[in-house]
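**Student:** sharing a model prediction with you, sequence too.
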Amino acid sequence: MKGGIARFSGELQGALRKRGHDVISVPFRALYPGLIAKSAESSLPENARLVLYNPLSWPGIIRHIKSLKPDILLVAYWTGLLAPLCFVLRHLTGIRVVVLLHNLSSHESFFFEPFMRRVLGVSTDGFMTLSDAVGREVSLVMPDTPQLTLFHPAYEPGDTLFSAAEARKELNLDAQSPVLLFFGYVRYYKGLDTMLRAMPAILRRAPDLRLVVAGHFYEDVSRYRDLVDHLGISGSVELYPGYVTLERTALYFAAADAVVLPYRSATQSGVVQLAYGYGLPVIVTPVGALPEMVRPGETGWVARDSSPEGFADAVLQFLDNREGLSSMRPAIEAFRHEFSWEAFAVSAGSFLETIAAER
């Protein structure tokens, strides 16, 4: 399936298998009405039968899981809409469940979310979280449930790599100009409009700077095109809406000097770890766990707040240090090794074994 959480699940599956664990995936066929899941190859595995919004697809999956007789179920969780499925899996299979929390609260909250949290609370035997921020949130609302606080591992670049010169030529970007990249799904909470509103102040310092925006827009892209025109920055912003393949991902990151995350809210972000995988520093807002993922001045910069003015100041710090970006590579590389998939799998595997043994 597309998206950061799908990639996370795939990477984790591989890392656990390398540690000697047997891992069987139970993939979704679809999550929400009208959004049929597709892989990068536009095909789905044969066992992709689970449809989140259709409970009629759940009994067959339950029978399948029970027939496998696994020691434990590990469920990726990022929205309250998954709570009923967790409840059914836990109580109709009788198998212990650990929930891997990407988010405890949905980025776009629903009025019934408090109820869904209660459902989740009686549906799990343990939590794994990816940041201290989410870990503290879980401890407040479900203090008696065993919890392991981990981290979001760094993503390694794919097999296709480009030089900066090749990438910039392909994207028609000047070889010497500073280039910022906003990457991934474009949703309100990710603050692309904040970045755009920061651009006039940034361009007064660096008129040749370019912002590249690449990802699937959950909102009407015309809204952002209109804002770009209104701000008079159309010559400095490139929009590439749509799903980004692994090859195009490598192209965009190779062309960039830094990756921007002007988020209004956040838990953790795979985009930070993807940037580190390509050796790039990040510029983030001080929300959620994003500051936990940045060593200021070594792997990136943290804005003083989430306003356009605050974010513009952080970008100006990047511009002041642009000549020294190569000196940041060792710190970024060290971060990648410290927060590796191997280290994650060692801790996660031990925790899963412990919960599974508590019969």
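**Tutor:** Sure, I can see it.
**Student:** any idea how far residue 131 is from residue 274?
**Tutor:** Taken as C-beta to C-beta, to the nearest Å, the spacing of residue 274 relative to residue 131 amounts to 16 Å. C-beta: built from backbone N, CA, C; applies to glycine.
**Student:** what's the answer for residue 46, then?
**Tutor:** Remark: distance between residue 46 and residue 131 (C-beta to C-beta) = 35 Å.
**Student:** more neighbours, those two?
**Tutor:** Neighbours around residue 46 and residue 131, counted as other C-beta atoms under 10 Å, are more numerous at residue 131. The numbers are 24 against 7.
**Student:** hmm, residue 51 and residue 33 touching each other?
**Tutor:** No. Using C-beta atoms under 8 Å, residue 33 is not in contact with residue 51, being 9.4 Å away.
**Student:** the two: who's more crowded?
**Tutor:** More neighbours sit around residue 51 than around the other of residue 33 and residue 51, counting by other C-beta under 10 Å; the figures are 19 against 10.
**Student:** about what we covered before: shared neighbours, residue 33 and residue 51?
**Tutor:** With contacts taken as C-beta atoms under 8 Å, 6 or more residues apart in numbering, residue 33 and residue 51 have no neighbour in common.
**Student:** distance check, the residue nearest the centre of the chain against residue 297.
**Tutor:** With distances taken as C-alpha atoms, centre = their mean, the chain has residue 270 as the residue nearest its mean C-alpha position (3.2 Å). When distances are taken as C-beta to C-beta, residue 270 and residue 297 turn out to be 23 Å apart.
**Student:** and the residue nearest to residue 271 when sequence neighbours are not counted, what does it touch?
**Tutor:** Spatial nearest neighbour of residue 271, chain neighbours left out: residue 184 (5.0 Å); criterion: C-beta to C-beta, 6 or more residues apart in numbering. The contact partners of residue 184, taken as C-beta under 8 Å, 6+ apart, are 4, 190, 215, 270-271.
**Student:** what's the closest of those to residue 230?
**Tutor:** Closest approach to residue 230 among the contacts of residue 184 (C-beta to C-beta): residue 190, at 19.7 Å.
**Student:** would you confirm that that closest one contacts residue 263?
**Tutor:** Yes. Look at residue 190 against residue 263 with C-beta under 8 Å: they come within range, at 5.4 Å.
**Student:** below-threshold pLDDT in the stretch 251-359 of the chain: ranges please.
**Tutor:** Low-confidence segments of the stretch 251-359 of the chain, defined by pLDDT under 70, are located at 359.
**Student:** again, only using 80
**Tutor:** By pLDDT under 80, the weakly predicted segments of the stretch 251-359 of the chain are 266-269, 359.
**Student:** the strands in the stretch 251-359 of the chain, which residues?
**Tutor:** Read by DSSP state E, counting those that start in this stretch, the stretch 251-359 of the chain holds these strands, from start to end of the chain: 258-261, 282-284, 300-302.
**Student:** adding distance to residue 338, write these out as CSV.
**Tutor:** Compiled in CSV, these are given as follows (distance: least, C-beta to C-beta, whole Å):
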stretch, distance to residue 338
strand 258-261, 19
strand 282-284, 16
strand 300-302, 15
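**Student:** closest one to residue 319 among the ones you listed?
**Tutor:** If you check each of the strands of the stretch 251-359 of the chain against residue 319 by C-beta to C-beta, strand 258-261 wins as the nearest, at 9.5 Å.
**Student:** please list the residues outside the closest one that contact it.
**Tutor:** Defining contact as C-beta under 8 Å, 6+ apart, one finds that strand 258-261 is touched by 180-183, 190, 195, 211, 253, 269, 271-272, 274-275, 280-285, 290, 300, 311, 315, 318, 325.
**Student:** ranges for the strands of the stretch 51-200 of the chain?
**Tutor:** 73-77, 97-101, 126-129, 147-149, 179-183.
**Student:** now those strands in TSV, with distance to residue 57, mean neighbour count and mean pLDDT?
**Tutor:** Putting the strands of the stretch 51-200 of the chain into TSV (distance: least, C-beta to C-beta, whole Å; neighbours: other C-beta atoms under 10 Å; pLDDT from 0 to 100) gives the following:
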stretch	distance to residue 57	mean neighbour count	mean pLDDT
strand 73-77	16	19	96
strand 97-101	19	23	96
strand 126-129	26	24	95
strand 147-149	30	19	94
strand 179-183	33	23	97
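**Student:** would you list those in CSV and tack on distance to residue 23?
**Tutor:** Formatted as CSV, the entries for the strands of the stretch 51-200 of the chain read as follows, by distance: least, C-beta to C-beta, whole Å:
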stretch, distance to residue 23
strand 73-77, 8
strand 97-101, 13
strand 126-129, 15
strand 147-149, 18
strand 179-183, 28
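**Student:** quick one: which of those strands is nearest residue 248?
**Tutor:** The closest of the strands of the stretch 51-200 of the chain to residue 248 is strand 179-183. By C-beta to C-beta, the value is 10.3 Å.
**Student:** output the closest one as CSV - backbone C-alpha positions only.
**Tutor:** As requested, C-alpha coordinates have been extracted for strand 179-183 and formatted as CSV (Å, rounded to 0.1, in the frame of the first residue of the first chain):
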residue,chain,number,x,y,z
VAL,A,179,16.3,24.3,-2.6
LEU,A,180,13.8,23.3,0.1
LEU,A,181,11.7,20.2,-0.2
PHE,A,182,8.2,19.7,1.3
PHE,A,183,7.5,16.0,0.8
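**Student:** partners of it, with directions?
**Tutor:** The strands beside strand 179-183 in its sheet (DSSP bridges) come out as strand 210-215 (parallel), strand 258-261 (parallel).
**Student:** so which of these is the most packed in?
**Tutor:** Comparing the strands paired with strand 179-183 by mean neighbour count (mean count of other C-beta atoms under 10 Å), strand 258-261 comes out on top with a mean of 26.
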